[in-house]
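>>> sequence below, structure please.
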Amino acid sequence: VQLQASGGGLVQAGDSLRLSCAASGRTFSNYYMGWFRQAPGKEREFVAIISGSGTSTYYADSVKGRFTVSRDNAKNTVYLQMNSLKPEDTAIYYCSARLTYSEVATQYNYWGQGTQVTVSS
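Okay, the predicted model is just below:
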């Protein structure tokens, strides 16, 4: 699976951004799609995940109620809508794919290249 993330940028606290991740190469709907982020000097952390059908979603406590993950299997694309952004959300955001559910970054084999999100206070 090849993944291409986009949509990052520089925003102010309280603003919104929508990240996209386009997939190719395999049957997209077979894969759980995860979003992770990595801030400077920190480990890559789980943000959100969505099941292949899109019916199940899970979030890190730090983003619950502010971020929404969704997917369009017809377009082979997964999205991360980020609202009420905070400076602590600043990180490189990565999309990832796995055939089964996991919140552990090291268990993922497929990764996008990352997109930078910077939130100023």
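>>> hey, let's count contacts and neighbours off CA atoms from now on
OK.
>>> got the end-to-end distance for stretch 60-78?
In stretch 60-78, first residue to last residue: 17 Å (Cα to Cα, to the nearest Å).
>>> now do the contacts for the residue nearest to the spatial centre of the chain.
The C-alpha lying nearest the average C-alpha coordinate of the chain belongs to residue 35 (Cα atoms, centre = their mean; 2.5 Å). Shown in contact with residue 35 (Cα atoms under 8 Å, 6 or more residues apart in numbering): 46-49, 80, 93-96.
>>> repeat for residue 97
1, 31-34, 108-111.
>>> any idea which helix or strand carries the residue nearest to it when sequence neighbours are not counted?
Excluding the flanking residues, the one nearest residue 97 by Cα to Cα, 6 or more residues apart in numbering is residue 33, at 4.7 Å. Following DSSP states H and E, one finds residue 33 within strand 32-38.
>>> pLDDT on whichever helix or strand comes after that strand, on average?
Per DSSP H and E, the first helix or strand lying C-terminal to strand 32-38 is strand 45-50. The pLDDT scores in strand 45-50 average 98.
>>> each with direction, which strands does the helix or strand just after strand 45-50 pair with?
Beyond strand 45-50 on the C-terminal side, the first helix or strand identified by DSSP H and E is strand 57-59. Strand 57-59 has the following strand partners under DSSP bridges: strand 45-50 (antiparallel).
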